[in-house]
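Participant: take a look and give me a structure for this.
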Amino acid sequence: GPASPAMPPPPVQPREPPAAPSSAAGPPSPEFMWCQRSDRVYVTIKVADCVRAAVHVNDGELSFSGHGHGARGTRDYALSLRLAGAVVPSRCCWFVCGPSVRVRLEKEAAGPYWDSLMVGVKPPQCKIDWQSWIDEDEECEVSAAPSGFEANDLQMQMVGQSIEFYRDESRLTSSEEEGEEEDSVMMDHGLNSVDALSVKFRALEVEKAARTRSKAERRQRREATRDALAAADERSRDLKYGRPARELSEEEEGLVAGAGTLRQRLKEQKRAERLYWLSRAHHQMRPQEKDTAKARAAANRAAQDELARHVSRLKQVGVDALVGDESRRRTRHAIRAAALEAAYTEVGYKDAAPIVAHELAAAAAREAMGEPPPQPIEAAAEAAAEAAGLRHAGIRPEAEDDEIALEENEERSEELRLEENTELAEGQAEGVDESEDSLQLEENMEGLEGGPPAVLV
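Facilitator: Now for the predicted structure:
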């Protein structure tokens, strides 16, 4: 009979690779390498340009998460492994550098080297940093840190403290470095005398004092809120287990109620404070006063002309341009656009000129429509501080002496302006030719008081 067909060989079962130290359902594990000394273990996690990095060391477990470029491209990475020995979490530190995330683990007791970094099977992502490895019998009494871990104790302590930001479960903390003042002043257009510049530098000193005060109050507000939340948790536990429970004060109850929005309110306060100071004359290179005066007049004329044209156009289609909130808003917008274009023709587009143009256009549009001027920016800063629960908006000097000094500087600038005008008038009376520099000095001194008040438009 016919030969029976040959049976196919059984399928080859693929060999299971070693388990990765993070969950297969989550982000992939990055490559990492390690070395050690008798008292420390150094781990280098190979994720470049890492953002949103977080490292935790708890109960003998090291965990990492972050987004950056690793072995599997630019994406999220996660790592979790059980350490082979005991460490002191409070003395473990980490920091992010360009090509990697570096972790320094402090052993619980200095002694023999660990046989391995982690408990269980070593995953393929784990490598030994042979370049930084020093054998136990070759280690000197005080061994240098491996390459890339040269941060001194002060820097590492600062790094360790920054971990609290990522562990901030209440989400009350925001970076105090965000939006802080610029440590510089801007010279105005035209000639700037030493006295004129000293006025600006004095204003900068007042700004720093005021912002330091509000910064300290923001920190106190966060700390008080954390304490109130802790007191509320303690009260809940006491009530749960039948223990005597302390009543929360009215202030604590208010802090607990506002804890959910505190971080956002503090960020808005910082933003309003920053906008206020950036609008001040010492942070701006403002146009000369003669150009500002021309721009103000041009903006007012353009606003009046556009108002007449806009009202006439809408009247032809049976609409009153000044009746109803929406009609008035559209009218104001058209007037402001025309006034802004007119102001730009006089002050230009360089440096702080656009700020001045927008201020003039907003004021001209509201004046043409018979409305009150726009809200001063300091009022917005004070409102944001009140919403955040702060007593100080960061726009006032820290002490009464600073206020007096600021007033004295303003009076001095006025005296300088009058002196320059007097000298110029005497020179004209005697038939002395006016130099270009003298004119610029006069114009600049007239502009020391700044342009129109900064506004929110």
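Participant: three-state assignment of A297?
Facilitator: Following DSSP: H, G, I helix; E, B strand; the rest coil, we place A297 in the helix state.
Participant: that one: how many residues sit nearby?
Facilitator: 15 (other Cβ atoms under 10 Å). To be clear about C-beta, it is placed using only N, CA and C from the backbone, and glycine gets the same treatment.
Participant: and the closest residue to A272 other than its chain neighbours, how far is that from S214?
Facilitator: Distances taken as Cβ to Cβ, 6 or more residues apart in numbering place A384 nearest to A272, at 3.8 Å, with adjacent residues excluded. To S214, A384 is 11 Å away according to Cβ to Cβ, to the nearest Å.
Participant: now swap in R366 and tell me
Facilitator: 30 Å.
Participant: of the two, who's got more company?
Facilitator: S214 (24 against 19).
Participant: quick check, the residue nearest to A272 in a helix?
Facilitator: Yes - checked against three-state DSSP, A384 lies within a helix.
Participant: quick one, what contacts it?
Facilitator: Listed by Cβ atoms under 8 Å, 6 or more residues apart in numbering, the contact set of A384 reads R265, E268, Q269, R271, A272, E273, A393.
Participant: could you tell me the end-to-end distance of stretch 89-99?
Facilitator: Terminal residues of stretch 89-99 are spaced 24 Å apart (Cα to Cα, to the nearest Å).
Participant: could you list the low-pLDDT ranges of the stretch 101-250 of the chain?
Facilitator: Counting by pLDDT under 70, the stretch 101-250 of the chain shows low-confidence ranges at 137-145, 147-193.
Participant: longest helix of the protein?
Facilitator: Within the chain, and with DSSP state H defining each element, the longest helix by residue count is helix 194-240.
Participant: which helices and strands does that one pack with?
Facilitator: helix 250-257, helix 259-278, helix 400-429 (3 or more Cβ pairs under 8 Å, 6 or more residues apart in numbering; DSSP states H and E).
Participant: apply 10 Å and report the result again.
Facilitator: Counting contacts by 3 or more Cβ pairs under 10 Å, 6 or more residues apart in numbering; DSSP states H and E, helix 194-240 packs against helix 250-257, helix 259-278, helix 377-387, helix 400-429, helix 436-446.
Participant: which SSE is the residue nearest to V43 when sequence neighbours are not counted in?
Facilitator: Spatial nearest neighbour of V43, excluding adjacent residues (Cβ to Cβ, 6+ apart): V103 at 4.3 Å. Assigned by DSSP states H and E, V103 belongs to strand 101-106.
Participant: partner strands of that strand, with direction?
Facilitator: strand 40-45 (antiparallel), strand 93-96 (antiparallel) (DSSP bridges).
Participant: redo those as TSV? Include mean neighbour count.
Facilitator: Putting these into TSV (neighbours: other Cβ atoms under 10 Å) gives the following:
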stretch	mean neighbour count
strand 40-45	23
strand 93-96	22
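Participant: lowest average confidence across those, which one?
Facilitator: For the strands paired with strand 101-106, the weakest mean pLDDT is recorded on strand 93-96, namely a mean of 86.
Participant: kindly format the C-alpha coordinates of that strand as PDB.
Facilitator: C-alpha atoms of strand 93-96 as PDB (Å, rounded to 0.1, in the frame of the first residue of the first chain):
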ATOM      1  CA  CYS A  93      19.500  60.700  47.200                       C
ATOM      2  CA  TRP A  94      19.000  61.000  43.400                       C
ATOM      3  CA  PHE A  95      19.300  63.500  40.700                       C
ATOM      4  CA  VAL A  96      18.700  63.900  37.000                       C
END
